[in-house]
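Enquirer: Predicted model follows, preceded by the sequence.
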Amino acid sequence: MHQFLVEPLFGQDWAIGGQSIAFTNSAAWMAVTLVVLWIFMLGGMKRELVPGRWQMAVEGFTGFITEMMDSNIGPAGRKYVPYVFSLFMFILFANILGMLPTALFGVHAFTVTSHLTVTGVLALLTFAIVLIVGFWKHGFHFFSLFAPSGVHWTMKVFLFPIELVSFMMRPFSLALRLFVAMTAGHVLMKVLAGFVISGVNAESIILTPLVTIPSFALMIGITVLELLVAAIQAYVFALLTSLYLNDAINLH
Amino acid sequence: MDAQSAALIGAGLAAIGAGMAALGVGNVFGSFLESALRNPAAADGQQGRLFIGFAAAELLGLLSFLIAILLYLKA
């Protein structure tokens, strides 16, 4: 499980209040994600009348997120498109960059989103924005989110704590889903790769083809599946963020 | 039974939840496909709901995986 190890690259002696703030491989891959994302966006923001391939790719992403926000929130959601778009693109690029076989060139890829600290901060950011927007737009009327309308008040007494707990669980479910999905996928690929290598190392005429070839075929399939999961998890994170924002903006 | 073997058995039992979530996810996509083939025109508009259902079903499986990992590492 060496791929999940966070180790300082430089600045081991930097500290704030006794806590180390060394520049780790996690931070390095976040920076790489940011740079790749920046290049991708800059290349496509030419605003030409007849878009080229690159511009079409970027406009595909922006159009996708804008359409999702429009259908889930409505016109009031346009203000939050930049946040949800940044979130989606960062998670997508971080997931996919962590999958790249950069070890062939001597650099070990690190999946930033396979750590609860990173996904937790992203989820807390969403939760904080939902709370701020909710209380800013509706004041204490925001609490009516927990008491569904059209329900008798005796039922509301029971529903209020249930809805409150389910609301407070949101940042945990957001963070855990992304973190566990990425960790589980990478562990699965690691286990299958271990099968392939053990099969080759066995140096047996029967055992090696019997173990290595099916494992390798499965490994290719699982790798493609993991690329799909990387995209789906980024989409689900953005989708749930837009739904939570919808709750905060429109109440029910 | 000592605590370590109990934790390992618990990790194994928790892994059942991952398989159950597989049933759930399959059910979500299967039902979607079934109704999408009946009314293909309305299918594209429901993709958001499809992924909400997928996310809810998947989360419970991932939580059971998490519990399994926690118990396994604790043992």
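Expert: Perfect, thanks for sending it.
Enquirer: How about the contacts made by whichever residue of chain B sits closest to chain A?
Expert: Going by Cβ to the nearest Cβ, chain A is nearest to residue B:62 of chain B, at 4.0 Å. Yep, even glycine has a C-beta here, placed from its N, CA and C like the rest. If you count contacts by Cβ atoms under 8 Å, 6 or more residues apart in numbering or on different chains, residue B:62 has them with A:176-177, A:180-181, A:184, B:18, B:21.
Enquirer: cool, and residue B:72?
Expert: Counting by Cβ under 8 Å, 6+ apart, residue B:72 has contacts B:7-8, B:11.
Enquirer: repeat for residue A:200
Expert: Contacts of residue A:200 (Cβ under 8 Å, 6+ apart): A:208, A:212.
Enquirer: again, only this time at 10 Å
Expert: A:208, A:211-212, A:215-216 (Cβ atoms under 10 Å, 6 or more residues apart in numbering or on different chains).
Enquirer: As JSON lines, the residues you listed with distance to residue A:36 would be great.
Expert: Below are those laid out as JSON lines (distance: Cβ to Cβ, whole Å):
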{"residue": "A:208", "distance to residue A:36": "39"}
{"residue": "A:211", "distance to residue A:36": "37"}
{"residue": "A:212", "distance to residue A:36": "34"}
{"residue": "A:215", "distance to residue A:36": "31"}
{"residue": "A:216", "distance to residue A:36": "29"}
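Enquirer: Can you flag the buried ones in the residues you listed?
Expert: Buried members of those, counted by 16 or more other Cβ atoms under 10 Å in any protein chain shown: A:211-212, A:215-216.
Enquirer: What residues does residue A:160 make contact with?
Expert: A:143, A:146-148.
Enquirer: Let me know the pLDDT of it.
Expert: Model confidence at residue A:160, given as pLDDT, is 90.
Enquirer: Now name the helix or strand holding it.
Expert: helix A:153-168 (DSSP states H and E).
Enquirer: next helix or strand past that helix?
Expert: Downstream of helix A:153-168, the first helix or strand assigned by DSSP H and E is helix A:170-202.
Enquirer: Pull out the buried positions in that next one.
Expert: Across helix A:170-202, burial judged by 16+ other Cβ under 10 Å covers A:170-171, A:173-189, A:192, A:195-196, A:199.
Enquirer: any idea how far the residue of chain A most remote from its centre is from chain B?
Expert: The centre of chain A is farthest from one residue, residue A:205, which by Cα atoms, centre = their mean lies 43.5 Å away. Relative to chain B, residue A:205 is positioned 35 Å away (Cβ to the nearest Cβ, to the nearest Å).
Enquirer: ok, that residue to residue A:215 distance?
Expert: Applying Cβ to Cβ, to the nearest Å, the value for residue A:205 to residue A:215 is 17 Å.
Enquirer: How about residue A:177?
Expert: 28 Å.
Enquirer: Over to residue A:126?
Expert: 39 Å.
Enquirer: now residue A:86
Expert: For residue A:86, the distance to residue A:215 - Cβ to Cβ - is 38 Å.
Enquirer: before we move on, what about residue A:178?
Expert: The gap separating residue A:178 from residue A:215 is 27 Å, by Cβ to Cβ.
Enquirer: right, and the helix or strand after the helix or strand harbouring residue A:84?
Expert: According to DSSP H and E, residue A:84 maps onto helix A:81-99. The first helix or strand that comes after helix A:81-99 along the chain, using DSSP H and E, is helix A:116-138.
Enquirer: Which neighbouring elements make contact with that following helix?
Expert: helix A:25-44, helix A:81-99, helix A:153-168, helix A:170-202, helix A:207-250 (3 or more Cβ pairs under 10 Å, 6 or more residues apart in numbering or on different chains; DSSP states H and E).
Enquirer: Rounded mean pLDDT for it, please.
Expert: Averaging pLDDT along helix A:116-138 gives 94.
Enquirer: Turn the contacts of residue B:62 into TSV, including pLDDT and distance to residue A:156.
Expert: Formatted as TSV, the contacts of residue B:62 follow (pLDDT from 0 to 100; distance: Cβ to Cβ, whole Å):
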residue	pLDDT	distance to residue A:156
A:176	91	29
A:177	91	30
A:180	91	34
A:181	91	35
A:184	89	39
B:18	88	36
B:21	91	32
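Enquirer: Need the three-state assignment for the residue farthest from the centre of chain A.
Expert: Using DSSP: H, G, I helix; E, B strand; the rest coil, the structure places residue A:205 in coil.
Enquirer: In chain A, which residue is most central in space?
Expert: When Cα atoms, centre = their mean is applied to chain A, the residue found nearest the centroid is residue A:91 (3.9 Å).
Enquirer: I'd assumed residue A:175 was in contact with it.
Expert: No: look at residue A:91 against residue A:175 with Cβ atoms under 10 Å: they stay out of range, at 11.5 Å.
Enquirer: what do these two both touch?
Expert: Common neighbours of residue A:91 and residue A:175 (Cβ under 10 Å, 6+ apart) are A:113, A:118-119, A:122, A:237.
Enquirer: Tell me the residues of chain B that contact chain A?
Expert: Within chain B, the positions near chain A by Cβ under 10 Å from any Cβ of the partner chain are B:18, B:45, B:47-49, B:51-52, B:54-56, B:58-66, B:69.
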